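Q: what follows is a predicted protein model with its sequence.
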Amino acid sequence: VGHLRAQLAELERQLGLEPFDPANLRQAERDLTATDAALTTARERAGSLAEQERVARERLERKAEIERQAGEISRQLDTWQTLTNTLKANEFQSYLLSEVEAQLLTGAGALLYDISDGRYRLALENGEYVVQDLWNAGETRGVKTLSGGETFLASLSLAIALSDYLAGNKVLGALFLDEGFGTLDPQALEAVAGALENLRTQGRMVGVVTHVESLSERLPSRLLVTKSVAGSSVQRLDG
């Protein structure tokens, strides 16, 4: 009996001293119903917020894509604007001309080196054409200081380089020179004749129109044109 009384006392202590009130149960039920309703409302609100977050994220991604596209378009616009301003100022044409000039100079320099037996090269210094004399420790001289023969070799190299450039991918197989030899001294004529011979051995056909007999005699095949009252006659001379 004592043991049962002790257990009863412990149970009363755990349950508390307040007597059971049915009204409290009804209030607890109402509180639980209100809590369930609030929980449902909170869940609905959470779902709505999640949807808003998804839409906002999509809009941010779209905004980032639009900003990227706008940046690309802006860069393209800047490029075209720069090109437009450059074309108006003729800077682009000047750039193209400088590129073509550099190519011509490279080609002409190589030709001049070959036909001058490795003595001369063309170069550009401070915007001016110069000739580099490799037989004289690489000394450079302005083209205005060149002798008649040297000028002819440089001009011939530039003419061939220009013709090759205009020919594109095709090989310039023939070159015709009309006069321009009468003012050359014997040493210059010798240099010119040697240059023409080098061009011929490179596979180019070189035609020379000249009244300088000493030069024509150096050519392997000649057409001698003779004028008379009855007209002109042509005679072929080989060797």
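A: Arrived safely, thanks for sending.
Q: low-scoring pLDDT stretches of the chain, where are they?
A: Low-confidence segments of the chain (pLDDT under 70): 1, 14-22, 89, 168-173, 179-183, 188, 199-204, 239.
Q: what distance separates the start and the end of stretch 206-223?
A: With C-alpha to C-alpha, to the nearest Å applied, stretch 206-223 spans 13 Å between its terminal residues.
Q: please identify the buried residues of that stretch?
A: Buried residues in stretch 206-223, counted by 16 or more other C-beta atoms under 10 Å: 206, 208, 210, 212, 215-216, 218-219, 222. (C-beta placed from N, C-alpha, C; glycine too.)
Q: among those residues, which are in helices?
A: Judged by DSSP state H, the buried residues of stretch 206-223 include 215-216 as members of helices.
Q: widest-spaced pair of the buried residues of stretch 206-223?
A: 206 and 212 (14.9 Å; C-beta to C-beta).
Q: tell me which helix or strand comes right after the longest helix along the chain.
A: Looking across the chain with DSSP H, the single longest helix is helix 22-88. Of the helices and strands lying after helix 22-88 in sequence (DSSP states H and E), the nearest is helix 91-115.
Q: contact partners for residue 143?
A: 128-131, 151, 154 (C-beta atoms under 8 Å, 6 or more residues apart in numbering).
Q: repeat that for 6 Å
A: Residue 143 sits next to residue 129 when contact means C-beta atoms under 6 Å, 6 or more residues apart in numbering.
Q: same question, residue 235
A: Residue 235 neighbours (C-beta under 6 Å, 6+ apart): residue 224.
Q: would you give the sheet partners of the helix or strand that contains it, along with the direction of each?
A: Residue 235 is part of strand 231-238 when elements are defined by DSSP H and E. Paired strands of strand 231-238, with direction, are strand 221-228 (antiparallel) (DSSP bridges).
Q: not counting its neighbours along the chain, what's nearest residue 132?
A: Computed as C-beta to C-beta, 6 or more residues apart in numbering, the closest residue to residue 132 that is not its neighbour in sequence is residue 121, at 4.5 Å.
Q: so the one you found touches residue 113, yeah?
A: Yes - the pair residue 121 and residue 113 qualifies as a contact (C-beta atoms under 6 Å) at a distance of 5.3 Å.
Q: compare the two (neighbour count), which wins?
A: Neighbours per residue, other C-beta atoms under 10 Å: of residue 121 and residue 113, the larger number sits with residue 121, 20 against 17.
Q: tell me how far the residue nearest to residue 132 lies from residue 135.
A: Going from residue 121 to residue 135 by C-beta to C-beta, to the nearest Å gives 11 Å.
Q: one more: residue 45?
A: The value you get for residue 45 to residue 135, if C-beta to C-beta is used, is 95 Å.
Q: cool, and residue 236?
A: According to C-beta to C-beta, residue 236 and residue 135 sit 38 Å apart.
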